[in-house]
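>>> need a structure here:
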Amino acid sequence: MKAFEPLVAPVDPADALTRIAWLLERDRESTYRVEAFRTVARVVSGLAAADIAEKAAAGALTRIDGIGPTTATVIAEAVAGHVPDYLDRLQHTVSPAAAVDDDASALIRAVVGDLHAHTDWSDGGAPIGEMAAAAVASGHRWLTITDHSPRLTVANGLSPERLDRQIAQIDEWNSGGDGDFRLLRGIEVDILDDGALDQSDEMLARLDIVTASVHSKLRMEHDPMTARMLAAVSGPRVHVLGHCTGRRVVTGRGHRPPSQFDARAVFEACAANDVAVEINSRPERVDPPDDLIELARDIGCLFAIDSDAHAPGQLEFKTLGAQRAVEHAIDPDRIVTTWPLDRLLAWSDR
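Have a look, this model is predicted:
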């Protein structure tokens, strides 16, 4: 994995607008601002280049629905053969997730995949193709699409019928995409109260990767929560235990304490069943906490450094997870997101 390579002139106006959206997402800017650029990128993509150039020359870009003064300037500068100033500033701004030492930098480069990423099929901000394009641009060799499962209605979780359609779209993308990069079929499936998984076994069997997470009743008492998680990771379909404590470390109303469960028992079950423990890289999660990462390490678990990206620019969150893995001396060979695709699929096919 690497930071996005800066775009250089000449740059297509739609590409410039899309890249600005990715960099704003990376920098945790407001969704409103991000979507302004993404929406105009779609508008521009649907117009003939000659029409865009004509309106740019006439200073009439803002007459097109959705294009405001800022996006019009970006388009005009791109049409003139320059890297737009707005894009240039963002490209030369150091990422908030930039590595701070050589060991972390080496692991970041070694991370070639992601087992936890969302699209606009559920609660993500971009379509599958754009997530794939961002992954390719940031040096990934593979990316797993893991939208939510049916019970998480607040996140527009996928019914079996919608998941079937998404699988077909992923397969279609792979058939026409870059042979050096692969999209994997996946899901972030809810772990239900009794430890069952929130999707049919038939559908789960069609997927390359199943990341299982608790999203409801996070304050369940210790013993029932332990039994719930043990049932999930001991089954045959789960590959990754996602954000295991469910905590949020942000202050104010966004703060959420970790769930209580027997971490040793759960991690021992993960190790016994070849289930990777996710190091969730979202800055508001930092999950598992430090002591649980060390416990899972000492027990012998595999790990997955995942972004939990809900937008293309958030794929870079894995920098934070890599820094944590280095701090806790995790052997890179035990991190499945550093593995080449053939090794990963051999593991997931177990």
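
>>> looking at the nearest residue to residue 26 once chain neighbours are set aside now. What's its pLDDT?
With CB to CB, 6 or more residues apart in numbering as the criterion, residue 26 has its nearest non-adjacent residue at 3.7 Å, and that residue is residue 313. Using the backbone N, CA and C atoms, a C-beta is placed for each residue, glycine as well. pLDDT, residue 313: 96.

>>> contacts for stretch 263-280 next, please.
115-116, 211, 226, 229-230, 233-234, 238-244, 286-288, 292-293, 295-296, 299-306, 308, 321, 324-325, 336, 347, 350 (CB atoms under 8 Å, 6 or more residues apart in numbering).

>>> redo that, cut-off 6 Å
226, 229-230, 233-234, 238, 240-243, 287, 292, 295-296, 299-306, 308, 321, 324, 336, 350 (CB atoms under 6 Å, 6 or more residues apart in numbering).

>>> cool, stretch 73-93 as well?
With contact meaning CB under 6 Å, 6+ apart, stretch 73-93 is reached by 6, 9, 10, 11, 13, 16, 20, 23, 53, 56, 61.

>>> just the pLDDT for the third one.
When you say that, I think you mean residue 10. For residue 10, pLDDT reads 96.

>>> quick one, helices of the stretch 51-200 of the chain?
69-79, 85-91, 102-110, 128-137, 160-176 (DSSP state H, counting those that start in this stretch).

>>> next one: the third one to chain centre, how far?
So the one you mean is helix 102-110. 19 Å (CA atoms, centre = their mean, to the nearest Å).

>>> may I see the buried residues of it?
For helix 102-110, the neighbour count (16 or more other CB atoms under 10 Å) marks 104, 105, 107, 108, 110 as buried.

>>> most remote residue from this protein's center?
residue 58 (40.6 Å; CA atoms, centre = their mean).

>>> gap between residue 226 and residue 286?
To residue 286, residue 226 is 22 Å away according to CB to CB, to the nearest Å.

>>> typed the wrong thing, it's residue 59
Counting by CB to CB, the gap from residue 59 to residue 286 is 48 Å.

>>> okay, residue 294: pLDDT?
98.

>>> could you report the neighbour count for the residue lying closest to it once chain neighbours are set aside?
Of all residues not flanking residue 294 in the chain, residue 328 sits nearest, at 5.6 Å (CB to CB, 6+ apart). Close neighbours of residue 328, defined as other CB atoms under 10 Å, add up to 16.

>>> next one: the one 3 residues further on
The burial count assigned to residue 331 is 10, neighbours taken as other CB under 10 Å.

>>> returning to that earlier point: nearest to residue 343, out of the helices of the stretch 51-200 of the chain?
Among the helices of the stretch 51-200 of the chain, the nearest to residue 343 by CB to CB is helix 102-110 (13.1 Å).

>>> pLDDT on that closest one, on average?
91.

>>> and it, what other elements does it pack with?
helix 318-327 (3 or more CB pairs under 6 Å, 6 or more residues apart in numbering; DSSP states H and E).

>>> by mean pLDDT, point me to the weakest helix or strand of this protein.
In the chain, no helix or strand scores lower on mean pLDDT, DSSP states H and E than helix 102-110, which sits at a mean of 91.

>>> then that helix to CSV, C-alphas only?
The C-alpha coordinates for helix 102-110 follow below in CSV (Å, rounded to 0.1, in the frame of the first residue of the first chain):
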residue,chain,number,x,y,z
ASP,A,102,10.9,3.3,9.1
ASP,A,103,9.4,0.1,10.5
ALA,A,104,5.9,1.3,10.1
SER,A,105,6.7,2.5,6.6
ALA,A,106,8.0,-0.9,5.7
LEU,A,107,4.9,-2.7,6.9
ILE,A,108,2.6,-0.2,5.1
ARG,A,109,4.3,-1.0,1.9
ALA,A,110,3.9,-4.7,2.6
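
>>> so which residues make contact with it?
1, 99, 319, 322, 323, 326, 332, 338.
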